[in-house]
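In: Dropping the sequence and predicted coords here.
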Amino acid sequence: MSACVHIAGLIITYIMPMLSQRRRVTLKDLAKRTGVSPTAVSYVLNDRLDRVRVSPETKERVLAMAKEMGYVPKLLARSMVTQKSYSIGVICSLTPGPMAPSTAIYYANALQGIEEVCKHVGYHCLYASCGLSDLERFDMPRLMKDGSVDGVIIVGHANSEVAKRIKAMELSCVQVGSNIDPKIGIERVYPDLNQGLDLCVDKLVSLGHRRIELLLPTGPGPLMHMEHFLSLSAKIKGLETVSGMVPEEWGTIEQGLEKARQRAGQANMPTAYICSPIHAEGLVRGFEEAGLRYPRDYSLIVVEPLESGELHLGRSGKRLNTLVFPIYQVAHHAAMKLFELLDVSFEPTTPMLMRIPCSLIEGQSCGPAPEKALRKTVKA
């Protein structure tokens with residue numbers, strides 16, 4: 001008997017309070033605590049004050065009490081009232097492959113940046129992967145067709161025909177990146193690679209480099225950045241900027257390898273290269289075949305979403321100078337832009353930007369221009 005009494009005492013003392021804490025807070029609970037009708041509480045929490053008169057003081061009291069009591073709305077019931085799903089979709093490209101290290105870093109940072117904003121505004125974030133680079137492989141995610149989301153964020157490249165299909169869905173849409181033709185009408189938030197290229201060129205010019213090559217894949221964004229890069233020749237005396245545009249949408253090691261084999265046999269080969277890590281790997285292999293090593297014979301800067309700047313390539317073992325794509329921040333601002341398009345009221349912690357500055361992390365892959373190249377520049 002005493003054991004039963006003891007167990008009952010434990011239940012009353014410890015378990016019952018825990019169960020009561022776990023009970024879902026309802027509109028009626030908030031109404032009772034604030035002295036406001038459940039209907040008025042619902043309108044305040046759903047930001048529908050056009051339907052009922054509520055003073056600013058009452059609104060603040062309801063919102064403060066909801067936060068204090070840990071109120072979480074039932075999205076299904078809320079959606080029936082407001083005709084919103086309170087979810088956004090994030091669709092990512094399957095190209096060049098989910099296991100590529102740069103791809104994984106890019107998408108992971110982007111998703112984290114988007115999720116942070118979703119938490120702030122009380123939205124769910126639904127993820128789908130699909131073939132965005134080829135219309136024949138593109139299968140419109142179900143979440144975009146069945147009303148599961150109010151808007152969508154595209155992470156990564158999407159070709160023009162795919163982008164037009166997405167635009168035709170008439171969902172609010174923002175792209176993380178700049179590789180969608182702006183004429184299609186999809187909002188874009190992207191790293192300010194033009195500003196980043198200025199940082200790279202300033203660094204290399206200060207080391208005596210006067211012939212610099214930029215390798216980029218095709219697409220509206222890269223073409224825009226390449227145009228800016230080539231224009232620097234007219235702004236900096238004695239500088240020659242060289243385009244290394246490749247035809248494919250995604251870079252390959254083979255492209256970098258072939259580029260290095262072409263350049264190694266030229267009398268006026270560029271002495272510095274700015275490219276993606278995958279192109280850089282091919283460049284390093286090709287130059288090593290010709291007996292060239294960085295930074296002794298050429299300098300190298302990689303463009304990468306990895307902020308640690310701890311990339312190493314080839315036998316040199318030296319840490320690469322890295323122009324960082326701030327992809328977390330880009331995605332964060334893209335989510336802010338989407339919620340602005342959705343007319344979701346919230347107070348962002350930072351001003352919203354459409355272009356996010358890049359940063360240059362110092363490494364050991366940039367050195368003075370080789371003496372031969374400097375002598376040729378002087379003669380020219």
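Out: Good, I have the coordinates.
In: Quick check: which element contains the nearest residue to residue 197 once chain neighbours are set aside?
Out: Excluding the flanking residues, the one nearest residue 197 by Cβ to Cβ, 6 or more residues apart in numbering is residue 229, at 5.2 Å. Just so you know, the C-beta spots here come from the backbone N, C-alpha and C atoms, and that holds for glycine as well. Using DSSP states H and E, residue 229 sits in helix 220-235.
In: quick check, distance from that helix to the centre of its chain.
Out: 22 Å (Cα atoms, centre = their mean, to the nearest Å).
In: got it, and stretch 345-364?
Out: Distance, centroid of stretch 345-364 to centroid of chain: 11 Å (Cα atoms, centre = their mean).
In: Strand partners (parallel or antiparallel) of the very next helix or strand once past the helix holding residue 229?
Out: Once the chain leaves helix 220-235, the next helix or strand it forms, by DSSP H and E, is strand 240-243. Strand 240-243 pairs in its sheet with strand 211-214 (parallel), by DSSP bridges.
In: List the contacts of the partner strand.
Out: Identification of contacts with strand 211-214 by Cβ atoms under 8 Å, 6 or more residues apart in numbering yields 197, 201, 204, 225-226, 229, 239-244, 263, 268-275, 373.
In: Equivalent analysis for stretch 352-363, please.
Out: 187-193, 195-196, 199-200, 203, 301, 307, 309, 311, 318-326, 329-330, 333, 336-337, 340.
In: Which of these fall within helices?
Out: Filtering those for membership in helices, criterion DSSP state H, returns 193, 195, 196, 199, 200, 203, 329, 330, 333, 336, 337, 340.
In: And these, which of them are buried?
Out: For the ones in helices among the contacts of stretch 352-363, a burial check counting by 16 or more other Cβ atoms under 10 Å picks out 193, 196, 200, 203, 329, 330, 333, 336, 337, 340.
In: is it possible to export those to TSV including distance to residue 156 and pLDDT?
Out: Output for those, formatted as TSV (distance: Cβ to Cβ, whole Å; pLDDT from 0 to 100):
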residue	distance to residue 156	pLDDT
193	15	93
196	18	96
200	23	96
203	28	96
329	16	93
330	11	94
333	16	95
336	19	94
337	17	95
340	22	93
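In: following the particular helix or strand that has residue 165 in it, which helix or strand comes up?
Out: Assigned by DSSP H and E, residue 165 belongs to helix 160-168. Proceeding N to C from helix 160-168, the next assigned helix or strand is strand 172-176, under DSSP H and E.
In: what's the angle between that next one and helix 220-235?
Out: Here strand 172-176 points in a direction 50 degrees away from that of helix 220-235 (axes from the mean of the first three to the mean of the last three Cα atoms, to 10 degrees).
In: Would you mind writing the PyMOL command to select the buried ones in the contacts of strand 211-214?
Out: PyMOL command restricting those to the buried ones, with burial defined by 16+ other Cβ under 10 Å:
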select buried, resi 197+201+204+225+226+229+239+240+241+242+244+263+269+270+271+272+273+274+275+373
